[in-house]
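Q: next comes the sequence, and after it the predicted model I'd like to discuss.
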Amino acid sequence: MKRSILNSVLILAAASFFSACKPKKEIVVAPPKPTETKVDNTKAEALALLTSKQLKFTTLSAKAKATLDLDGKSNDVTMNLRIKDKETIWVSITALGGMAEVARALITPDSIKIINRLSSTYLNKPFSYIYKFTNKQVNFNTLQSILTGNAIDDFMTEKSDLKQAAGVWALSGSKEDLDYRLLFNTLFKVTETNLNDAKNGQALKVTYGEYQKLNDYLFPSTLEINTLSKAKKINISMQFTKIDGNVPVEFPFTVPKRFTLAN
């Protein structure tokens, strides 16, 4: 995996944005018809219902098998993910069946830090660095929501257009240059998130598969991330093999002295 490929994948995954092993937790099948909705929901009631179904946690620890595809060049990796709600996202990417770490990332609302062990370099940038690759409306909470199967909070307002069809909901609207559309299943969980910035030639589509139980909530067992930033395309296929919520987590991140700072 070349240095440029790895760095691009990591940064784009942070902005926006696994199928060998089956998740160990119980899959929850979405019923063909909703079980607790009514046709005459007001927008406020519908938003409250959808919001109540979103995953709530203090910490999260997950492991996934992933295929990263950058402009047709594919790599199979293992990803270990740890999150502290609204504060920290830590990612370790390994190859060779999880035997060798190739990269590590530490993302906060203020900064992005990445260690590239293949090139013996590291990146230390403000979070705004990702705006080279994605719309400025994307923030830390957007990334956390994408990774955990939650609806993006900034869009869950009465300013959005919310419609019900066949018992499921579609939420859409615009925020500055960003157009968004979220689709929900009969479990009131997101099945698809679409973000489009036509002005800057940027688009993100995230598709979620079946959901599984995590404590009192639901977490996606699979997700597909497809990004386009001008001519650059990135596809990430993920399948989670282990997920634990509200467990002790650490975020080790030490840059070896021999590593050099990358631009």
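A: Everything's here; your move.

Q: what helix or strand is Lys125 on?
A: Element membership for Lys125, per DSSP states H and E: strand 121-126.

Q: list the helices and strands that strand packs on?
A: In terms of contacts (3 or more Cβ pairs under 8 Å, 6 or more residues apart in numbering; DSSP states H and E), strand 121-126 is packed against strand 111-116, strand 260-261. In this view, the C-beta of every residue, glycine as well, is placed from N, C-alpha and C.

Q: right, and the helix or strand after it?
A: helix 140-148.

Q: average pLDDT for that next one?
A: When pLDDT is averaged along helix 140-148, the result is 96.

Q: and it, how far out from the chain's middle?
A: With Cα atoms, centre = their mean, to the nearest Å as the basis, helix 140-148 stands 5 Å off its chain's centre.

Q: residues making contact with it?
A: 14-17, 55, 57, 60, 81, 83, 85-86, 89, 107-109, 127, 150-154, 193, 206, 219-220, 223, 225 (Cβ atoms under 8 Å, 6 or more residues apart in numbering).

Q: the helix or strand that comes right after that helix pairs with which strands?
A: Per DSSP H and E, the first helix or strand lying C-terminal to helix 140-148 is strand 161-165. If you go by DSSP bridges, strand 161-165 pairs up with strand 168-175 (antiparallel).

Q: neighbouring contacts of the strand it pairs with?
A: Taking Cβ under 8 Å, 6+ apart as the rule, strand 168-175 contacts 34, 46, 50, 137, 151, 154-156, 159-164, 179-186, 188.

Q: narrow those residues to just the buried residues.
A: Neighbour-count burial (16 or more other Cβ atoms under 10 Å) is assigned, among the contacts of strand 168-175, to 34, 46, 50, 137, 151, 154-156, 160, 162, 164, 179-186, 188.

Q: what sits against Tyr217?
A: Lys53, Gln54, Leu55, Lys56, Phe57, Gly245 are the contacts of Tyr217 under Cβ under 8 Å, 6+ apart.

Q: no wait, Pro220
A: So Pro220 contacts Thr148, Gly149, Lys189, Tyr208, Gly209, Glu210, Tyr211, Gln212, Phe240 (Cβ under 8 Å, 6+ apart).

Q: closest to Thr42 among these?
A: Nearest to Thr42 among the contacts of Pro220 is Lys189, at 21.0 Å by Cβ to Cβ.

Q: grab the nearest non-local neighbour of Asn185.
A: In space, Asn185 comes closest to Ala30 once its chain neighbours are excluded; the distance is 4.4 Å by Cβ to Cβ, 6 or more residues apart in numbering.

Q: surely the one you found is in contact with Thr186?
A: Yes: the criterion here is Cβ atoms under 8 Å, and Ala30 meets it with Thr186 at 4.7 Å.

Q: okay if I get the contacts of Tyr217 as a markdown table plus secondary structure, neighbour count and pLDDT?
A: A markdown table is the format used below for these (DSSP: H, G, I helix; E, B strand; the rest coil; neighbours: other Cβ atoms under 10 Å; pLDDT from 0 to 100):
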| residue | secondary structure | neighbour count | pLDDT |
| --- | --- | --- | --- |
| Lys53 | coil | 18 | 95 |
| Gln54 | coil | 18 | 96 |
| Leu55 | coil | 22 | 97 |
| Lys56 | coil | 14 | 97 |
| Phe57 | coil | 18 | 97 |
| Gly245 | strand | 19 | 97 |
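
Q: distance to Lys257 for the residues you listed - can I get that in JSON lines?
A: Listed next are the contacts of Tyr217 as JSON lines, based on distance: Cβ to Cβ, whole Å:
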{"residue": "Lys53", "distance to Lys257": "47"}
{"residue": "Gln54", "distance to Lys257": "42"}
{"residue": "Leu55", "distance to Lys257": "39"}
{"residue": "Lys56", "distance to Lys257": "40"}
{"residue": "Phe57", "distance to Lys257": "36"}
{"residue": "Gly245", "distance to Lys257": "36"}
